[in-house]
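S.K.: give me a model of this one.
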Amino acid sequence: MFFVSFVVNLFLHLLKLDIKLTDNVSTYINVRMVCSINIMNKRCLIVTGGGDCPGLNAVIRAIVKRASQEEDWEIVGSIDAFNGVLKTPRELRILSNRTVSGIHVRGGTILGTTNKGGPLAWHVQTDDGRWIEVDRSKEMLQILEEEGIDAVINIGGDGSQAISQKLYEMGLNIVGVPKTIDNDLSATDFAFGFQTAVEVATDAVDKLVTTAESHHRIMILEVMGRAAGWIALYASIAGGAEVCLIPEIPYDINEVREKVESRTEDRRGFANVVIAEGAYPKDGTVISKKLDEIGYRHKKLGGVGIQLKQELEDAGTKADVRVTILGHLQRGGIPCAFDRILATQFGVKAFEMVLDGKFGEMVAYRNNDIVCVPITEAIGTYNLVNVHSNLVHTARGVGISFGD
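M.R.: Model (predicted):
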């Protein structure tokens, strides 16, 4: 007993813990527990960044539940991406099985998110009222060390994973999980959230078909898709639209007019058009505007559906034209079964990558398998619609026009 007491006291001295042993067995056991907590526990931080989408909570839940099967890991969540680490006081939350119980069916993220600023471009207001960007990444790494964080799982799109790569190059143990409803992140066949967005968009097409038919109108549905037209393409095929306009294929308004008029020339027909927010006409540009919001770097897209309506009317289209902009309805709500499953697979794989020390890599879905790929491969280029793909061929085969 004396030898054991000597060894434990030595550990406590090295740990600079002000605890003394007695011959009391219960005290000895308590000290052993304290030593175990301080020596053995590892901590993994979860971050959700960028735009929200269905499935984020399913990833968080999967990470926590997988980690609970290991005896020496604690999961911590950062509120509003990395902001929770950098704010004073810090906003960090311990995540347990009870915390994440049932959250896989909820949209959004229980940790909150932001697509503004970040550790590489933290916004600070100067004395004269100006806002400037400050790189707080080194400071954040020091804070993570103080908090005893051994690894970080960053759930986000191309912007979030670019931050992941930079932090990895600075020495942070970090793993990426792809999240984008646009499905525009390379190195993975699908990201969770996309299929739910497609379901929402397809449901909108189905509803617009009935009202278009009743009033003999041309209905334009504007969906998300900044650089990639995946949502528009899937919804057009699934919903039976006559025209699908995507960023990858600049459209000719005369081709679009000819297609819709072939359906409405007797004033008794109707037509449905699905257009991605990033679509644009030949010799034209994407409709966008710069926002004054502090820390928001992207230009805000939207309004291309209204522009298309005007172009059709200017080209001489006789039928009534109406526009519906689906907007953030595509981001919210309950994730579909596919996204819940994919997100759960991503969460389990991400934590196992942490266990295996596969840092600087991202979870990916490839050929119906869950794998890991270098983050650099994911952020190098956008995952755009291949205009010669089977999916585009299928769309053309059922008579869908791309306006080209």
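S.K.: stretch 388-395 - what's its average pLDDT?
M.R.: Taken as a whole, stretch 388-395 carries a mean pLDDT of 96.
S.K.: buried sites along it?
M.R.: Buried residues in stretch 388-395, defined by neighbour count with 16 or more other CB atoms under 10 Å: Val392, Ala395. Just so you know, the C-beta spots here come from the backbone N, C-alpha and C atoms, and that holds for glycine as well.
S.K.: now stretch 351-369
M.R.: The neighbour-count check on stretch 351-369 (16+ other CB under 10 Å) flags Phe351, Glu352, Met353, Val354, Lys358, Phe359, Gly360, Glu361, Met362, Val363, Ala364, Tyr365 as buried.
S.K.: which one is the fourth one nearest to, not counting chain neighbours?
M.R.: Going back to what we said before, that points to Val354. Computed as CB to CB, 6 or more residues apart in numbering, the closest residue to Val354 that is not its neighbour in sequence is Ala151, at 4.5 Å.
S.K.: so that neighbour: helix, strand or coil?
M.R.: On the three-state scheme (DSSP: H, G, I helix; E, B strand; the rest coil), Ala151 is labelled strand.
S.K.: surely it meets Asn173?
M.R.: Yes. At 4.4 Å, Ala151 counts as touching Asn173 under the criterion of CB atoms under 8 Å.
S.K.: what do these two both touch?
M.R.: Overlap of the contact sets of Ala151 and Asn173 (by CB atoms under 8 Å, 6 or more residues apart in numbering) consists of Val354, Phe359.
S.K.: quick check: Asp189 touching Val371?
M.R.: No. Using CB under 8 Å, Asp189 makes no contact with Val371, being 10.4 Å away.
S.K.: joint contacts of the two?
M.R.: What both Asp189 and Val371 touch, as defined by CB under 8 Å, 6+ apart, is the set Ala364, Tyr365.
S.K.: related to what we said a few turns ago, dump the residue contacts of the residue nearest to Val354.
M.R.: Listed by CB under 8 Å, 6+ apart, the contact set of Ala151 reads Lys42, Cys44, Leu45, Asn173, Ile174, Val175, Val354, Phe359.
S.K.: if you set the cut-off to 6 Å instead, what comes out?
M.R.: Cys44, Asn173, Val354 (CB atoms under 6 Å, 6 or more residues apart in numbering).
S.K.: pLDDT and secondary structure added to these, as JSON lines?
M.R.: What follows is the contacts of Ala151, written out as JSON lines (pLDDT from 0 to 100; DSSP: H, G, I helix; E, B strand; the rest coil):
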{"residue": "Cys44", "pLDDT": "98", "secondary structure": "strand"}
{"residue": "Asn173", "pLDDT": "98", "secondary structure": "coil"}
{"residue": "Val354", "pLDDT": "98", "secondary structure": "helix"}
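S.K.: so how far is the one helix or strand Asp203 maps to from its chain's centroid?
M.R.: Under the criterion of DSSP states H and E, Asp203 resides in helix 194-215. Centroid separation for helix 194-215 versus its chain: 23 Å, with CA atoms, centre = their mean, to the nearest Å.
S.K.: buried residues in it?
M.R.: Here helix 194-215 shows 194-202, 204-205, 208-209, 212 as buried, counting by 16+ other CB under 10 Å.
S.K.: elements contacting the following helix or strand past it?
M.R.: Using DSSP H and E, the helix or strand that follows helix 194-215 towards the C-terminus is strand 218-223. Other helices and strands packing on strand 218-223, by 3 or more CB pairs under 6 Å, 6 or more residues apart in numbering; DSSP states H and E, are helix 194-215, strand 271-276, helix 304-314, strand 321-325.
S.K.: contact partners of the third one?
M.R.: Read that as helix 304-314. So helix 304-314 is contacted by Ile220, Glu222, Ile253, Arg257, Ile275, Glu277, Ala279, Ile287, Val321, Val323, Ile325 (CB under 6 Å, 6+ apart).
S.K.: what about 7 Å?
M.R.: Ile220, Glu222, Ile253, Val256, Arg257, Ile275, Glu277, Ala279, Ile287, Val321, Val323, Ile325 (CB atoms under 7 Å, 6 or more residues apart in numbering).
S.K.: which one of those is nearest Asp135?
M.R.: Glu277 (31.3 Å; CB to CB).
S.K.: could you give the angle of the helix holding Asp203 to strand 271-276?
M.R.: Counting by axes from the mean of the first three to the mean of the last three CA atoms, to 10 degrees, helix 194-215 lies at 150 degrees to strand 271-276.
S.K.: per-residue confidence averaged over helix 194-215?
M.R.: For helix 194-215, mean pLDDT is 93.
S.K.: same check on stretch 233-253?
M.R.: On average, stretch 233-253 scores 96.
S.K.: and if you look at stretch 102-113?
M.R.: On average, stretch 102-113 scores 94.
S.K.: buried sites along it?
M.R.: Result for stretch 102-113 [16+ other CB under 10 Å]: buried residues Ile103, His104, Arg106, Gly107, Gly108, Thr109, Ile110, Leu111, Gly112, Thr113.
S.K.: how about stretch 320-327?
M.R.: Residues Val321, Val323, Thr324, Ile325, Leu326 are the ones in stretch 320-327 that count as buried (16+ other CB under 10 Å).
S.K.: what of stretch 118-125?
M.R.: For stretch 118-125, by 16+ other CB under 10 Å, it's Gly118, Pro119, Leu120, Ala121, Trp122.
S.K.: now stretch 73-93
M.R.: Buried residues in stretch 73-93, counted by 16+ other CB under 10 Å: 73-86, 91-92.
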